[in-house]
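> fold the following and give me the result.
(chains A and B)
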There are 2 protein chains.
Amino acid sequence: MTADKHGFSLTQLTSEKIDRVQRDPRFKKLTEEDVTFFKSILPEASVLEKKGLTQAEHAKYTCDWYNMYRAATEIILLPETTEQVSKILKYCNEQLIAVVPQSGNTSASGGSVPVFDEIIISTEKMNKIRKLDPLRGDLVCDAGCVLQDLDESLSQAGFQIPLDLPARHLCRIGGTISTNAGGIRQMRFGNLHGSVMGLEVVLPDGTIIDNLTTMRKDNSGYHLKNLFIGSEGTLGFVTGVSIATAQIRLAVNVFLIGLQSFDHVVQAYSLARRELPETIAAFEVLDTSTVQVVKGQDFQIPKGSPFPLSEKHPFYVVMETAGKDEEIEILRTDRLLKLLLEKEIILEGQIARTPDQVERFWSWRNNVPKAIVQTGPTSIHFDVSLELPLLYKLVEDAREWATKEGMIGRDIGAIYGYGHVGDGNMHLTIPALRDDEAIRIKIDDFVYEWVAEHKGSGSAEHGIGMMKAAYLSFSKSSTIISNMRKVKNLFDPNGIMNPYKMFPTKEEEEQGEIVRKRGQVGC
Amino acid sequence: MTADKHGFSLTQLTSEKIDRVQRDPRFKKLTEEDVTFFKSILPEASVLEKKGLTQAEHAKYTCDWYNMYRAATEIILLPETTEQVSKILKYCNEQLIAVVPQSGNTSASGGSVPVFDEIIISTEKMNKIRKLDPLRGDLVCDAGCVLQDLDESLSQAGFQIPLDLPARHLCRIGGTISTNAGGIRQMRFGNLHGSVMGLEVVLPDGTIIDNLTTMRKDNSGYHLKNLFIGSEGTLGFVTGVSIATAQIRLAVNVFLIGLQSFDHVVQAYSLARRELPETIAAFEVLDTSTVQVVKGQDFQIPKGSPFPLSEKHPFYVVMETAGKDEEIEILRTDRLLKLLLEKEIILEGQIARTPDQVERFWSWRNNVPKAIVQTGPTSIHFDVSLELPLLYKLVEDAREWATKEGMIGRDIGAIYGYGHVGDGNMHLTIPALRDDEAIRIKIDDFVYEWVAEHKGSGSAEHGIGMMKAAYLSFSKSSTIISNMRKVKNLFDPNGIMNPYKMFPTKEEEEQGEIVRKRGQVGC
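Take a look at the predicted model:
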């Protein structure tokens, strides 16, 4: 066990300990000649060799966000230009050297670190803004630009990246797009398939596909770019991005409301969307036990401050609206709160309006993941999509199942569910009481089977990566997976791009197909 | 020359008269056995044979929207189920029978009619709503549902299709998605890559890809659906659609404003977007000569009613906002109008608020295409995307060029430009004074070269189809086109799906590549 990036202790699956896949013997082991070649393309300082790095420096690239995986990568390359990426990939493709494209390395599914000894090509030195149109906020930039840096540049013109992630100070836009990241405010901004206008992508054979258009409408030919959005670096290497950004809206109102049941949460969501269709930006649910754990871990802002509502309500919602005009937003949000109370949809509610209040209200939601993982030596994470009425049923059924199995108190501390109601996206976090792979597998099996049987998706926004590859076929049919394999083979016939990820083994695929077909809920 | 669907006379390119492509001899000519097979799959009434149809009945399927093309198709099939489509396609693929998937047959680029004797598979009998979630407005339906019918069903729950096309009473949703249609209100609704959640697609070999999820977030595997959005039926046959709809907002305000120059139009657009970011829904430009032509053709509503503003302004804009609250929208739109006048960005402006006024204001924009085509025996249509400041420069340069060439008054009546400023999408319509293919080609060459040199797109929203296939490489590089060919070959190795469309010939591709590389405007 080692301390993870957040200071928690977690098991680590090293290259030697991973057993669901074996290293593909087709892939070449790195030689001195390969290193010499890379040094002919990049300056010496941009070729990081393991032998020249401290353990922490190496871990920055080879350990994932949850510190679950640790790779034995010998070399990390830091190109600055698309042409350099092209030359490197072409060489790797010819030499059969497996490659992991790496962006901010914040993947929550083990998608951005190598599994064995794949080399890493990081975009961290590709961080220039190429064009920023102050009129419409259209942005063209390198794939390695950090979201927060982009927001700083954009804000001067009144725009923002149409995506909000907690790790925005680390996430680089290329990886964000390669995983089709969602985040808290997707219900406002829409998804990246809608906002990305063009991409520059290097294919494994070195071909540069330059389609960095800033046209909002362009129906000249196939929309190839969309194939690379969410393909997790398995088809090509995104080097440049063109994206339609969003306008900053300053009048932010954050509701904190208490409710009697999840059914009331759904009613509140429905009413809020109808009443404030133009300005609703986030709608997040947490239950009483989740609030208690944040309180218990003393994460609230300011520290030790009381929870703003009564702590007796079964459910809480943090809802944000953001609009152009302060006065109008106050009028409209006050009206909604009154309506929610009058219709007895909510039991209690408050609205935060100053930046301090807003931060304080959001802290009860934003600190949930951190607070939960501190309650056990390790924890198990889920990121599922379900039909709205089923969203919390998964949490209830999981608790009932775990209780019946005698797991609560013996194997796990509790089961926490919280998430993006507005997008039908639930995050389940389960602190485990000891570091035992068998517990993880047992819970994975339960959750992914439940989601499959209810026609949900095992990954709403984090992607499949390494962590969920065994369960892809619980969400997608064999027909879809076989077509995915065809597309993979078309663009990456040697399979060098981010190998071992995304796709299940044949046995895993068959198992998932059986479970998926048990799906009980109609389309 | 024959009368087109709007009552105008246009040249018609029949199967015998098309000379840029030849019929592919690989494709089988339909036999009696083939017809017998189709009749074993479909009821007799769903197998329409040319010999049993009147000329008008045949033309409904075999002539395009502009009546430019007329095919010699022998049979039109009207399946009702996805399984029927699958059996038909599998047979056609095995027998090498070329197929045109047909939706509402409203393609404005000759994309939805056969070129030679391809058979037609129409979705007109696939028109059932499969699921409509009243809570979020998620819609799952057959590909053949007409947009207007869907809107009628959705409106009862307070929702609308997130797309607005003039031909909504004819357009079927499968074709709309297959061409990635845009429309007047895309700046409000976003594009279909953002709103389509899932598709059911039949591949040429009969494989049914069922991914009709209603999950707003689903990052489990490649986003294959996006490949079929905008591929114009050349990769597979869309049979089912899952789409996130939009909420109806009743407080509609329509501005009609007069401006001094296109630069002022851009300033007005910028200010309006900043002031009303939540509610702006459409921003359409027309110039003085366009207003005159609508007036001259007596298309205004009510008939003969005067233009609501002075007719001396060089430019006019029709701008729509739509919001939840009537009072607030009045307040905000009044404030914007005052600001536009105070800052001297506009010369004059009025706001329509009652349904009658709104219809009247819009009539000056919506009747533009009809009014223009009535001024000549035939007309030439463009649908291009450009950087915003270049949008009207194309119109000016085209007029200057045509004048210098002595074409105005001899070959063409005038050059009219109008379009969706909010999306950077300009429609150029040019009435020709006689029916002469050489005029069309000369103007096509000028416009597509101009657009290529200014890094625009030759098709913003209508798609490539047959009409623009020769010019695809003016908008897209050979690298992109060769990757498109690879994808085409992967999904449709026999090339039976909507052949002759979308792709240029090798010579056309080389010609376009030369022109495109002359592009002078930086990325």
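
> what's next to the helix or strand hosting residue A:289, contact-wise?
Per DSSP states H and E, residue A:289 falls inside helix A:288-296. Residues from elsewhere that reach helix A:288-296 (CB atoms under 8 Å, 6 or more residues apart in numbering or on different chains): A:300, A:307, A:311-316, A:364, A:367-368, A:371-372, A:375, A:414, A:416-418. Heads up, the C-betas are built off the backbone N, CA and C, glycines and all.

> report the buried members of these.
Among the contacts of helix A:288-296, those classed as buried by 16 or more other CB atoms under 10 Å in any protein chain shown are A:300, A:313, A:315-316, A:364, A:367-368, A:371-372, A:375, A:414, A:416-418.

> quick revisit: buried sites along the helix holding residue A:289?
A:289, A:290, A:291, A:293, A:294, A:295.

> grab the most central residue of chain A for me.
Residue closest to the average C-alpha location in chain A (CA atoms, centre = their mean): residue A:462, at 3.2 Å.

> pretty sure it contacts residue A:110?
No - if you go by CB atoms under 8 Å, residue A:462 and residue A:110 don't touch, sitting 9.6 Å apart.

> show me the strands in the stretch 1-150 of chain A, by range?
A:2-3, A:9-10, A:13-14, A:47-49, A:69-70, A:75-77, A:99-102, A:119-122, A:129-132, A:138-142 (DSSP state E, counting those that start in this stretch).

> deepest in the core, which of those strands is it.
strand A:99-102 (a mean of 26; mean count of other CB atoms under 10 Å in any protein chain shown).

> any low-confidence regions in the stretch 251-400 of chain A?
Along the stretch 251-400 of chain A, the model assigns pLDDT under 70 to no residue.

> likewise for chain A?
A:1-11, A:519-523.

> in it, what residue is nearest chain B?
Residue of chain A nearest chain B, by CB to the nearest CB: residue A:194 (2.2 Å).

> hang on, that residue packs against residue B:186?
No - at 10.4 Å, residue A:194 does not count as touching residue B:186 under the criterion of CB under 8 Å.

> comparing the two, which shows the higher neighbour count?
residue B:186 (24 against 20; other CB atoms under 10 Å in any protein chain shown).

> touching, that one and residue A:215? I think so.
No - Residue B:186 is beyond contact range of residue A:215, at 11.8 Å (criterion: CB under 8 Å).

> phi, psi of residue A:492?
Phi and psi for residue A:492, reported as degrees, to the nearest 10, are phi -140, psi 70.

> any idea how far it is from residue A:448?
Per CB to CB, to the nearest Å, residue A:492 is found 26 Å from residue A:448.

> okay, the two: which has more neighbours?
Shown here are residue A:492 and residue A:448; by other CB under 10 Å, residue A:448 has more neighbours (25 against 21).

> helix/strand/coil for the more buried one?
helix (DSSP: H, G, I helix; E, B strand; the rest coil).

> same question, residue A:428
strand.

> that one - nearest residue in space that isn't next to it in sequence?
Using CB to CB, 6 or more residues apart in numbering or on different chains and skipping the chain neighbours, the partner closest in space to residue A:428 is residue A:382 (3.9 Å).

> in the host helix or strand of residue A:441, what's buried?
According to DSSP H and E, residue A:441 maps onto helix A:437-453. Applying a neighbour-count criterion of 16+ other CB under 10 Å, one finds A:439-440, A:442-444, A:446-453 buried in helix A:437-453.

> the very next helix or strand once past that helix and chain B in contact?
Under the assignment DSSP H and E, the closest C-terminal helix or strand after helix A:437-453 is helix A:472-475. Yes - using CB under 8 Å from any CB of the partner chain, helix A:472-475 comes into contact with chain B via A:472, A:475.

> which is the next helix or strand following helix A:472-475?
The C-terminal neighbour of helix A:472-475 among helices and strands, as given by DSSP H and E, is helix A:478-491.

> centre of the chain to that next one, how far?
23 Å (CA atoms, centre = their mean, to the nearest Å).

> rebuild the buried ones among the contacts of helix A:288-296 as JSON lines, extending it with secondary structure and distance to chain B.
Output for those, formatted as JSON lines (DSSP: H, G, I helix; E, B strand; the rest coil; distance: CB to the nearest CB, whole Å):
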{"residue": "A:300", "secondary structure": "coil", "distance to chain B": "28"}
{"residue": "A:313", "secondary structure": "coil", "distance to chain B": "22"}
{"residue": "A:315", "secondary structure": "strand", "distance to chain B": "17"}
{"residue": "A:316", "secondary structure": "strand", "distance to chain B": "20"}
{"residue": "A:364", "secondary structure": "helix", "distance to chain B": "23"}
{"residue": "A:367", "secondary structure": "coil", "distance to chain B": "22"}
{"residue": "A:368", "secondary structure": "helix", "distance to chain B": "18"}
{"residue": "A:371", "secondary structure": "helix", "distance to chain B": "24"}
{"residue": "A:372", "secondary structure": "helix", "distance to chain B": "21"}
{"residue": "A:375", "secondary structure": "coil", "distance to chain B": "27"}
{"residue": "A:414", "secondary structure": "coil", "distance to chain B": "25"}
{"residue": "A:416", "secondary structure": "strand", "distance to chain B": "19"}
{"residue": "A:417", "secondary structure": "strand", "distance to chain B": "16"}
{"residue": "A:418", "secondary structure": "strand", "distance to chain B": "15"}
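
> farthest pair in the residues you listed?
Pairwise distances across the buried ones among the contacts of helix A:288-296 peak at 21.5 Å for A:313 and A:375 (criterion: CB to CB).

> stretch A:249-267 and chain B, any residue contact?
Yes - counting by CB under 8 Å from any CB, chain B has neighbours in stretch A:249-267: A:249, A:266.
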